[in-house]
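In: sequence first, then the predicted structure, then my questions.
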Amino acid sequence: MVYTDPMSDTIAPYLDGLNEAQRLAVETVEGPVLVLAGAGTGKTRVLTTRLAHILATRRAFPSQLLAVTFTNKAAREMQNRLTTMLGPTAEGLWLGTFHSIGARLLRRHAEIVGLKPNFTILDTDDQLRLVKQLLEAEDIDEKRWPARLLLGLFEHWKDRGYVPDTVPEAEQKSDIAGGRAAALYRLYQERLIALNAADFGDLLLHNLTILRSRQDLLAATQQRFRFILVDEYQDTNVAQYLWLRLLAQSHRNLCCVGDDDQSIYSWRGAEIGNILRFEQDFPGARIIRLEENYRSTPNILACASTLIARNVGRLGKTLWTTREAGQPLTLRSLWDSPQEARWVGEEIESLRRDGLALSEIAILVRTTFQMREFEERFIAMGLPYRVIGGPRFYERQEIRDAIAYLRLTHQGDDDLAFERIINTPRRGIGSSSMKTLHAVARAEGLSLSMAAERLITTDEVSAAARRSLNDFLISVSRWRGRAASLKPADLGALILDESGYTRLWQEDKSADAPGRLENLKELVAAMAEFETLQGFLEHVSLVMENAGTDNQERVSLMTLHSAKGLEFDAVFLPGWEEGLFPNQRALEEKGHAALEEERRLAYVGITRARKYGFVSTVANRRIHGQWQAMTPSRFVGELPEDHIRKKAEHGLGPGQWPGQPNILDPSSQLRRLSGPVIAAEQLRPRRREGDGFRLGDRLFHQKFGYGTVRGLDGNRLHVAFDKAGEKLVMDNFVEKA
DNA sequence: CCGGGGTCCATTTTT
DNA sequence: TGGACCCCGG
């Protein structure tokens, strides 16, 4: 094909670098296409080049392109690469997460489902509180039917695209909440509308309702999106599938990229069936397999491929590479979990000695409780580490409070926000005033703000409470008045100041107060990038990331789930024991389907490694405080003999590995034992200038929190931590507070 | 409003 | 074993 258009020249070099399958995936532009992209096969590159190709060949304007991802990270990466390729042409396309695109579309037609365009997006915390209120109002025992359970059920229905009217009869009759679950779902949805709020599930569900009820809008939307691209298709749920199918019906230019072997989110609604059924769903679909792997060594790929080949429910593909064989995967058995942590630590030291950067090493566990022993060990040996996937920035109490102020300013009917902050800081509005407020609101169909407005003219609440409510309402309306003229950041600072919320933490003497003030500052700083309050609020609920990105040299510790999409030179996969991995509970709930998903999880884990893989098993593990005898995971026996190297601890005889003879490798064992012991000193990053601590200095430690220096001993500090007590810590593990 | 003490629970997590 | 949560007493 020859293009005369100058635009196409700009992406020509990008096309040249592709292999045959990748190129096919980029150039097969018309009709439904499923790109089965194995791990490490250049998926993102194909995705972005495909988009660029469509734009460069002028098949569509940017505004006619829809590209959906699951995470903001993926969306951002795609946008960045696209901008690199195309420059300004790459702007204006509909590229974002399912949720952000859903929100964007929903704001345009919110009134069709009874919302105003400025609706609030609720987080899990709000949802839960709402359900609790419902349960109380409906007189349902929360002990017996926890709000979590009900909310889980509602979300499950939403994942599958059910509105209250369409919940299948069989499920309506379940005995959950005494057979009233479906009725509660209806109430929940009504309550959300009344609050002018949508939860995450609604962002898509409402769009389905809109498109189904309005032929004109459906036709217009179908017309608009000439080309649709979906990333991580194996993770889509039913609602997302239905939405995509509706949108793609007219042009049928739907390209889904995914890997059935990496489908690990069924428990949150992902339907692996979506990807398995693609050909039936979209007749005439082309399936393109990306199988050339650019990440891992043949040994690692052989382990991953052999393992995953046992799964029945898969489309089938085999990764290959032209790289050197590399090291076999190391298989190690140990006596107990502390020893496992010790061994991992030793191997990391050894890798470090071989020149590997700590940031290129990861430990991937099945469950979070496994992390603790590694953390303890790493702290003891002075090995810097980072835990990926902790609590997020906007989940912190002070951030939620601050956002509640902003939400209430933005939208006075936001009862959840009102309730959260009406007495924070204390304003003397206690539970009795709130009761009256709720009663009035319910009786007269008002929001809490409106009810409060009414109550200050009567004597239904105490005079003190009336005055307090009045002051509060005046403040909020003043802030609202200034919202138009002030920049969001200035408004935010003003609100936090005038409301007394900042002062609340300034006067708080607890150890974490300074940190919280810091977070509030960070929040205000983040607002500076936004033009409108609404824009910022949407960013917070849909996009905002963990604060604090440090590029320090650390090993990464995370779950297998959060490792998807990442890669490291060396990957440790501890805890391969029956019951833990594959996980007993999963197996009990979902049987064989779960076993296959657990196996996919193992596959994801192995394929994160570029050069070195380490799998370990332990004979004894403490679970819930009880020591338990463990047997090696069946997955261990599913690894190919020719591509692994086994090491067993002395004293553990043959039979340690299921279904295979035991091959000890004493030479490497000896090498480990006699090798030079590297000083922890050499492992730690060099101290920075001006890092010296003095007696009485306040400091922060990532594990123990805030503390005060009580003693000095070279690079070790005696610290009295506020929460964790007295500890001896390495100085480069702490920051000045 | 706080904290002590009892109880219950204990995969995986993004938006 | 440890944490989250709730209830109740001061």
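Out: Yep, that arrived.
In: give me the buried positions along the lengthiest strand in chain A.
Out: In chain A, assigned by DSSP state E, the strand with the most residues is strand A:609-623. Of the residues in strand A:609-623, those buried by neighbour count under the rule 16 or more other CB atoms under 10 Å are A:A609, A:R610, A:K611, A:Y612, A:G613, A:F614, A:V615, A:S616, A:T617, A:V618, A:A619, A:R621. Any C-beta I mention is one placed from the backbone N, CA and C, and that applies to glycine too.
In: of all these, which two lie farthest apart?
Out: Between all members of the buried residues of strand A:609-623, the longest pairwise span (CB to CB) is found for A:R610 and A:A619 and amounts to 30.1 Å.
In: what sits against the closest residue to DNA strand C within chain A?
Out: Scanning chain A for proximity to DNA strand C using CB to the nearest atom of the strand identifies A:G625 as nearest, at 2.4 Å. For A:G625, the contact set (CB atoms under 8 Å, 6 or more residues apart in numbering) is empty.
In: just to revisit the earlier point, which other residues reach the next helix or strand after the longest strand of chain A?
Out: The element immediately downstream of strand A:609-623 (helix or strand, assigned by DSSP states H and E) is strand A:626-629. Outside strand A:626-629, the residues that touch it by CB under 8 Å, 6+ apart are A:A619, A:N620, A:R621, A:R622.
In: out of these, which is nearest to A:L247?
Out: If you rank those by distance to A:L247 using CB to CB, A:R621 comes first, at 48.1 Å.
In: pretty sure A:L580 is one of the things that closest one touches, is it not?
Out: Yes: in this structure, A:R621 sits in contact with A:L580. The criterion is CB atoms under 8 Å, and the distance is 7.2 Å.
In: so what sits against both of those two?
Out: Shared contacts of A:R621 and A:L580 (CB under 8 Å, 6+ apart): A:M630.
In: show me what contacts A:L695?
Out: A:V709, A:R710, A:G711, A:L712 are the contacts of A:L695 under CB under 8 Å, 6+ apart.
In: quick check: which element contains the last one?
Out: Put plainly, it is A:L712. Under the assignment here (DSSP H and E), A:L712 is part of strand A:705-713.
In: okay, the residue of chain A closest to DNA strand C: pLDDT?
Out: Residue-level confidence at A:G625 comes out at 85, pLDDT.
In: all strands for the stretch 51-200 of chain A, in order.
Out: Residue ranges of the strands in the stretch 51-200 of chain A, as given by DSSP state E, counting those that start in this stretch, are A:65-69, A:94-97, A:120-121, A:197-198.
In: what pairs with the longest one, parallel or antiparallel?
Out: Within its sheet, strand A:65-69 is paired with strand A:94-97 (parallel), strand A:227-230 (parallel), according to DSSP bridges.
In: could you dump these into a markdown table and include distance to A:E169, mean pLDDT and mean neighbour count?
Out: Supplementary listing: the strands paired with strand A:65-69 in a markdown table, determined by distance: least, CB to CB, whole Å; pLDDT from 0 to 100; neighbours: other CB atoms under 10 Å:
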| stretch | distance to A:E169 | mean pLDDT | mean neighbour count |
| --- | --- | --- | --- |
| strand A:94-97 | 33 | 96 | 22 |
| strand A:227-230 | 32 | 97 | 24 |
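In: out of these, nearest to DNA strand B?
Out: Taking CB to the nearest atom of the strand as the criterion, DNA strand B comes closest to strand A:94-97 out of these, the separation being 4.5 Å.
In: quick one: contacts of the closest one?
Out: For strand A:94-97, contacts defined as CB under 8 Å, 6+ apart pick out A:51, A:63, A:65-72, A:74-75, A:78-79, A:82, A:101, A:104, A:225, A:542.
In: what do you get for stretch A:338-350?
Out: Defining contact as CB under 8 Å, 6+ apart, one finds that stretch A:338-350 is touched by A:330, A:332, A:334, A:358, A:361, A:363, A:373-374, A:376-378, A:381, A:383, A:555, A:570, A:572, A:574-575, A:614, A:616, A:618, A:649, A:672, A:675, A:678, A:683.
In: which of these count as buried?
Out: A:330, A:332, A:334, A:358, A:361, A:363, A:373-374, A:377-378, A:381, A:383, A:555, A:570, A:572, A:574-575, A:614, A:616, A:618, A:649, A:683.
In: looking at those residues, which are in strands?
Out: Within the buried ones among the contacts of stretch A:338-350, membership in strands is found for A:T330, A:R332, A:L334, A:I361, A:I363, A:V555, A:A570, A:F572, A:F614, A:S616, A:V618, as judged by DSSP E.
In: around the residue of the stretch 251-400 of chain A at minimum distance from DNA strand B, how many other residues sit close by?
Out: Sorted by distance to DNA strand B under CB to the nearest atom of the strand, the residues of the stretch 251-400 of chain A start with A:T368, at 3.3 Å. A count of nearby residues for A:T368, using other CB atoms under 10 Å, gives 14.
In: that one - nearest residue in space that isn't next to it in sequence?
Out: Computed as CB to CB, 6 or more residues apart in numbering, the closest residue to A:T368 that is not its neighbour in sequence is A:T559, at 6.3 Å.
In: equivalent analysis for A:F374, please.
Out: Nearest in space to A:F374, with sequence neighbours left out and distances taken as CB to CB, 6+ apart, is A:A341 at 5.1 Å.
In: which pLDDT value goes with that neighbour?
Out: The per-residue pLDDT of A:A341 was computed as 96.
In: for it, grab the count of nearby residues.
Out: 26.
In: would the helix or strand containing it count as contacting DNA strand C?
Out: Remark: A:A341 resides in helix A:337-353, with elements defined by DSSP H and E. No: applying CB under 7 Å from any atom of the strand, one finds helix A:337-353 separated from DNA strand C by no less than 12.7 Å.
In: between strand A:329-336 and that helix, find me the angle.
Out: Between helix A:337-353 and strand A:329-336, the angle comes out at 140 degrees (axes from the mean of the first three to the mean of the last three CA atoms, to 10 degrees).
In: now do helix A:337-353 against strand A:609-623, angle only.
Out: Interaxial angle of helix A:337-353 relative to strand A:609-623 (the same axes, to 10 degrees): 160 degrees.
In: could you check how far helix A:337-353 is from the centre of its chain?
Out: Here helix A:337-353 shows a centroid-to-chain-centroid distance of 28 Å under the convention CA atoms, centre = their mean, to the nearest Å.
In: how about stretch A:616-624?
Out: How far stretch A:616-624 lies from its chain's middle: 28 Å, per CA atoms, centre = their mean.
In: just to revisit the earlier point, so what does the longest strand of chain A touch, helix or strand wise?
Out: Secondary structure elements in contact with strand A:609-623, counted by 3 or more CB pairs under 8 Å, 6 or more residues apart in numbering; DSSP states H and E, are helix A:298-308, strand A:329-336, helix A:337-353, strand A:568-573, strand A:626-629.
In: surely A:P164 meets A:R191?
Out: No: with contact defined as CB under 8 Å, A:P164 does not reach A:R191; the gap is 11.9 Å.
In: burial check on the residue of chain A found nearest DNA strand B, number of neighbours?
Out: Closest approach of chain A to DNA strand B (CB to the nearest atom of the strand) occurs at A:A586, with a separation of 2.6 Å. As a burial measure, A:A586 scores 19 neighbours (other CB under 10 Å).
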